[in-house]
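Enquirer: Attaching a predicted model along with its sequence, questions to come.
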2 protein chains.
Amino acid sequence: MKLGQATIKDIARELNLSASTISRALKDYPGISDETKRRVKEIAEKMNYRPNAIALSLRKSRSFTIGVIIPEVVHFFFSTVISGVEEIANSRGYNVILAQTNEKLEREISSIETMLSNQIDGVLVSYSKETKSFEHFTKVLDQGFPIVFFDRAPAIPDAINVMVDDYQGAFDATSHLILQGYKNIVHLAGPKTLKISIDRENGYKDALKRYGIEVNPAYIITCPKGTMEEGRELVSELLASHPEKPDAFFSCNDIGAVGAMMACRDAGMKIPEDVGVVGFSDWQFCAMLEPQLSSVSQPGFLMGARATEILLDIIEKKLDPSTMEKTLVLETKLMERDSSKKLSQKN
Amino acid sequence: MKLGQATIKDIARELNLSASTISRALKDYPGISDETKRRVKEIAEKMNYRPNAIALSLRKSRSFTIGVIIPEVVHFFFSTVISGVEEIANSRGYNVILAQTNEKLEREISSIETMLSNQIDGVLVSYSKETKSFEHFTKVLDQGFPIVFFDRAPAIPDAINVMVDDYQGAFDATSHLILQGYKNIVHLAGPKTLKISIDRENGYKDALKRYGIEVNPAYIITCPKGTMEEGRELVSELLASHPEKPDAFFSCNDIGAVGAMMACRDAGMKIPEDVGVVGFSDWQFCAMLEPQLSSVSQPGFLMGARATEILLDIIEKKLDPSTMEKTLVLETKLMERDSSKKLSQKN
DNA sequence: GATAAAAGTGCAAACGTTTGAATAGGGCAA
DNA sequence: TTGCCCTATTCAAACGTTTGCACTTTTATC
């Protein structure tokens, strides 16, 4: 009948009761007669009553909504993270509001502003590649607002992070290549603004050192864009210009690894016989390639889920940000596939 | 100083003015002296004032938030849709709240309920595979609440849809296989609950008829799960059991197509010489496979963007749902790659 | 039959904002 | 002085809930 949604007041009018009685009856508060409760619920049902969460938010200064700020949605890893966030948030009665920054600092700043305006209870952030200063985060953190960072850990003291052991993952991947008999291992590195890039590079370097191989700076190629074309081009150039050709590639991402595979194929090199390749992230398609691409798998869903659990625990005061463990490191797992299996190939 | 955020009242107290004056000053209403405006803005800035969008929502009965209900986030196509939605919503000043159903009807129903409770202004929906009855949508549509469906069009008269021309895409893909000289074309079909599955199957059938090829029911295999393993198994079985082996596969999704490619390889058949394969959706990885997989590309970003534009236009009354065009069909594009190029291979 | 306790319900304020209407003070013409 | 119009500001209600307190009525106790 009415235009908008039925409210508590409408029910009150209908039954000649006060709004407070309706509110209490609906919530099964003690002190309301069973008969009244029954009638209220019946009418509520009939009028298709749906509590107005906005009014509740205003009253309680709690919105039961968390924000997620992410560089890109169209990204296998991040989409798995979102999935994990959504799953936990939903199961604990929270909504998820989403913003993607497209790796732009400006979008990051405006997103967090809008979200705060919308009274979110907390936010999960993976900051953009452009972000070098973290004031827009510290400003709100200082006000006691809960932020949990994931994947990309910011240079903020005492910030709460959920990340993957990028160093160890890279170390494992590089070690694996060495143990398979590859000697000249090139690293396709990510932008230096991201801690994960640096960690992965360090893992790579330390693995080489561990096995007594000298780190060759010319073998570390930075791929700022992280696209397949970029990887393909840079690797092609390297192969063309370098007298002693590299015989393995460890890329900081899977897409770059595919680029490397293509460049190698272009140069007539066979994978894994002539050259080994390992990627990072273990995107879905790794198992579909020919040969299947070895990669360091990152538990995206788990990361999203754990980060959300921590955030909600902080929001609900089950966890105290000042005394809690600040960093949660999740383990990676090297998925050894054909692209790096020189040894088994020899059999 | 204070615990929470500064409010209009705080500014009012600070300047010994009333809340209404502050509100008007901040919005540059006429009738407020320039001097007052200046002072108000200065203090607002200093106190780090941030308007409370929740209070505004309550007042205006408008939340400037739209919902997106989607089967899965970890899905290339859907993630591109989300990206398009986010882009347009953001540029027009709206928030996006996200829910994934994991293809469960129950989640779909509870998601829309929660969103309505949260006073969203409208919702974009791609319904789940489990959904057979649409009452939970018609109920809210009848109340005049704006819903735009995308990709999967529901059986609801007058519902507003943005979809892809699945029929034409399938027709094109099948025609392409025929023109390349393949004769026994198998179709890996999707669940019959989805209109897109039926449309694609019809496109396949009609293309066969168009070229005078009889439709063989045994060549239509339904893959309810749509996983790679499922495709691989079903195709392997078919190849093993069928005396006259099929020489091409048109799959209703890319993952199934990869399964088919693997099964063919397992059976010692060469792609594209012995068997042609075409997928649907043109996921990122298609161009990374060996051979590269031909596929029907769906404009996911555009679909998200257009659906959002339509939804916001309805919300903002720029478009009238009763008189507007109900269905927007976006074109697909066949990406012809090596997996289906028998002819050029022969040269 | 008085008194107290218990049961059931209503009042009113609060959350932060907007907005139509009212008010105060000043200037100016008649 | 009166009357009128400006300008700048305030009042108060409204959006839909919740909740401490007060109020009425019934029931129990002595």
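Expert: Ah, there it is. Quick caveat, the model's predicted, so the values are computed rather than measured.

Enquirer: From what I see, A:T174 and A:Y182 are in contact.
Expert: No. With contact defined as CB atoms under 8 Å, A:T174 does not reach A:Y182; the gap is 9.4 Å. (Each C-beta comes from the backbone N, C-alpha and C, glycine too.)

Enquirer: Which strand or helix spans the closest residue to A:G304 other than its chain neighbours?
Expert: Once flanking residues are discounted, A:G304 sits nearest to A:G84: 2.7 Å by CB to CB, 6 or more residues apart in numbering or on different chains. Taking DSSP states H and E as the definition, A:G84 sits inside helix A:76-91.

Enquirer: And that helix, what does it pack against?
Expert: strand A:65-70, strand A:95-100, helix A:300-315, strand B:95-100 (3 or more CB pairs under 8 Å, 6 or more residues apart in numbering or on different chains; DSSP states H and E).

Enquirer: Extract the C-alpha trace of the longest one and format it as CSV.
Expert: Read that as helix A:300-315. Output of helix A:300-315 as CSV, limited to C-alpha atoms (Å, rounded to 0.1, in the frame of the first residue of the first chain):
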residue,chain,number,x,y,z
GLY,A,300,44.6,-15.6,-1.3
PHE,A,301,41.4,-16.8,0.1
LEU,A,302,43.0,-17.6,3.4
MET,A,303,44.7,-14.2,3.5
GLY,A,304,41.3,-12.5,2.9
ALA,A,305,39.7,-14.6,5.5
ARG,A,306,42.3,-14.2,8.2
ALA,A,307,42.7,-10.5,7.6
THR,A,308,38.9,-10.1,8.0
GLU,A,309,38.8,-12.2,11.2
ILE,A,310,41.5,-10.0,12.7
LEU,A,311,39.8,-6.8,11.6
LEU,A,312,36.4,-8.0,13.0
ASP,A,313,38.1,-9.1,16.2
ILE,A,314,39.6,-5.7,16.7
ILE,A,315,36.2,-4.0,15.9
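
Enquirer: That one - what's its average pLDDT?
Expert: Model confidence over helix A:300-315, given as mean pLDDT, is 97.

Enquirer: and what of stretch A:240-250?
Expert: pLDDT averaged over stretch A:240-250 gives 89.

Enquirer: Touching it from outside, list them.
Expert: A:170, A:173-174, A:177, A:182-188, A:204, A:218-219, A:235, A:238-239, A:257, A:260, A:264, A:267, A:269, A:274-278, A:280, A:340 (CB atoms under 8 Å, 6 or more residues apart in numbering or on different chains).

Enquirer: How about stretch A:101-116?
Expert: With contact meaning CB under 8 Å, 6+ apart, stretch A:101-116 is reached by A:67, A:69-72, A:97, A:99-100, A:123, A:125, A:127-131, A:136-137, A:140, A:145, B:5, B:50, B:53, B:90, B:95.

Enquirer: Could you rerun that using 6 Å?
Expert: A:67, A:69, A:71, A:99, A:128-131, A:136, B:50 (CB atoms under 6 Å, 6 or more residues apart in numbering or on different chains).

Enquirer: Quick one: residues contacting A:G169.
Expert: A:G169 is in contact with A:296, A:332, counting by CB under 6 Å, 6+ apart.

Enquirer: So what sits opposite the nearest residue to A:M324 once chain neighbours are set aside in the bridge?
Expert: Ranked by CB to CB, 6+ apart and with sequence neighbours excluded, the top spatial neighbour of A:M324 is A:I160, at 7.5 Å. Counting by DSSP bridges, A:I160 is bridged to A:V148.

Enquirer: A:I160 and A:Q119, how far apart?
Expert: From A:I160 over to A:Q119 the distance is 21 Å, taken as CB to CB, to the nearest Å.

Enquirer: what's the answer for A:F301, then?
Expert: Relative to A:Q119, and taking CB to CB, A:F301 is found at 28 Å.

Enquirer: now the residue of the stretch 151-300 of chain A found nearest DNA strand C: how far from A:N90?
Expert: For the stretch 151-300 of chain A, the residue closest to DNA strand C is A:I160, as judged by CB to the nearest atom of the strand, at 25.8 Å. Using CB to CB, one gets 22 Å for the distance from A:I160 to A:N90.

Enquirer: Which of these two has more residues huddled nearby?
Expert: More crowded of A:I160 and A:N90, by other CB atoms under 10 Å in any protein chain shown: A:I160, with 23 against 19.

Enquirer: So that one sits against A:I147, correct?
Expert: No. Using CB atoms under 6 Å as the test, A:I160 is too far from A:I147 to be in contact (7.2 Å).

Enquirer: burial of the spatially closest residue to A:S57 that is not a sequence neighbour, as a residue count?
Expert: The shortest distance from A:S57 to any non-neighbouring residue, by CB to CB, 6+ apart, is to A:S63 (4.3 Å). Neighbourhood size, A:S63 [other CB under 10 Å]: 22.

Enquirer: wait, what's in contact with A:M269?
Expert: A:V275.

Enquirer: Could you check how far it is from A:L56?
Expert: Remark: distance between A:M269 and A:L56 (CB to CB) = 63 Å.

Enquirer: And A:I43, by the same measure?
Expert: From A:I43 to A:L56 the distance is 20 Å (CB to CB).

Enquirer: More neighbours: which of those two?
Expert: Using other CB under 10 Å, the more surrounded residue of A:I43 and A:L56 is A:I43, with 19 against 16.

Enquirer: would you say the more buried one is within a helix?
Expert: Yes. Counting by DSSP: H, G, I helix; E, B strand; the rest coil, A:I43 is part of a helix.

Enquirer: Distance check, it against chain B.
Expert: For A:I43, the distance to chain B equals 18 Å [CB to the nearest CB, to the nearest Å].

Enquirer: contacting residues for that residue?
Expert: Here A:I43 is in contact with A:11, A:14 (criterion: CB under 6 Å, 6+ apart).

Enquirer: So which residues on chain A come close to chain B?
Expert: A:50-51, A:53-55, A:57-58, A:73-74, A:79-80, A:82-83, A:86, A:95-98, A:100, A:116-119, A:258, A:285, A:288, A:290 (CB under 6 Å from any CB of the partner chain).

Enquirer: could the contacts of stretch A:101-116 be laid out in a markdown table, adding distance to B:K225, pLDDT and neighbour count?
Expert: Shown next, in a markdown table, are the contacts of stretch A:101-116 (distance: CB to CB, whole Å; pLDDT from 0 to 100; neighbours: other CB atoms under 10 Å in any protein chain shown):
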| residue | distance to B:K225 | pLDDT | neighbour count |
| --- | --- | --- | --- |
| A:G67 | 33 | 98 | 26 |
| A:I69 | 33 | 98 | 23 |
| A:P71 | 31 | 97 | 22 |
| A:A99 | 33 | 97 | 23 |
| A:S128 | 36 | 95 | 25 |
| A:K129 | 37 | 92 | 20 |
| A:E130 | 40 | 92 | 16 |
| A:T131 | 40 | 92 | 22 |
| A:H136 | 44 | 96 | 17 |
| B:R50 | 47 | 94 | 16 |
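
Enquirer: Quick one: those residues as TSV, columns for distance to DNA strand D too.
Expert: Listed next are the contacts of stretch A:101-116 as TSV, based on distance: CB to the nearest atom of the strand, whole Å:
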residue	distance to DNA strand D
A:G67	22
A:I69	28
A:P71	36
A:A99	26
A:S128	36
A:K129	41
A:E130	38
A:T131	37
A:H136	30
B:R50	18
